[in-house]
Structure formats: C-alpha cells, structure tokens
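Trainee: Here is a sequence with its predicted model. Questions after.
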Amino acid sequence: MHAGLQSDVTLLSQPWFGRVMPIASLGAGVLHSNVDAVHEMSGAVLSPVPLGTRSTTRVTMTPAAGLKLALWRDFGLRVDARDLVTFRDGTRHNWQLTAGLSFPF
C-alpha cells in the first residue's frame, strides 16, 4: 500500500493544441509492504528484493512528469512517469508508468 500527498504544477501558461498540458508533480508519503500472508501461503521466500522478503513501512518521495489531455472542463486523461523513491536501507528507485482519469477537487 502506498499513501501520501502530491502537488501538481502546470509547466506552460497555455495548453498545446488547446488541450494538452505538460505537468510536473512531487509527492511524499509512506509505502507499507506486508509479505507475511504471502509467505504463509507459499512457504518460501520468492523475491530477492528487500521489499519482497519482509514486511516494512518506508518513507517515500515521488517526483513525476506527465501530460494531461483535457476532455471536458476540468475532466481529462492523464499519463505520468513516476519514480517512487524509498530511503530505508539505502535509496531505492521504483519506476512507474501510470494512466487514468484526472479531475481536481
């Protein structure tokens, strides 16, 4: 589970082609991994990655860059390239590509 807060900044004063807006984002939060139930079911440790071998909670920072395509008023589609960075037991980078609906509230 990853939970936190993020803030977006538009990079241009006007959208490209009237609909496409590049955005930058920065977030902070916590990442909790719970692998105890998985280990009980499988009986073996399958992952060489520290997040997959033991349950833990880590502080995260998530810088991102993306594009938002306006569909109707403030409603749109959004794509992001995001780096979920954890800091416990050394810095680790976990890249994510995401897409979804976007609407401010």
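Mentor: Looks like it arrived, so ask away.

Trainee: how far out from the middle of the chain is stretch 9-20?
Mentor: Going by CA atoms, centre = their mean, to the nearest Å, the spacing between the C-alpha centre of stretch 9-20 and its chain's C-alpha centre is 22 Å.

Trainee: outside of it, which residues touch it?
Mentor: By CB atoms under 8 Å, 6 or more residues apart in numbering, the residues outside stretch 9-20 that reach it are 21, 22, 23, 24, 25, 67, 68, 69, 70. All C-beta spots, glycine's among them, are computed from the backbone N, C-alpha and C.

Trainee: pLDDT averaged over it - what is it?
Mentor: For stretch 9-20, the mean pLDDT works out to 92.

Trainee: same question, stretch 87-96
Mentor: Rounded mean pLDDT across stretch 87-96 is 86.

Trainee: picking that back up, so which of the contacts of stretch 9-20 comes closest to residue 5?
Mentor: Closest approach between the contacts of stretch 9-20 and residue 5, by CB to CB: residue 25, at 10.9 Å.

Trainee: what's the burial count for the closest one?
Mentor: Residues contacting residue 25 under the criterion other CB atoms under 10 Å number 16.
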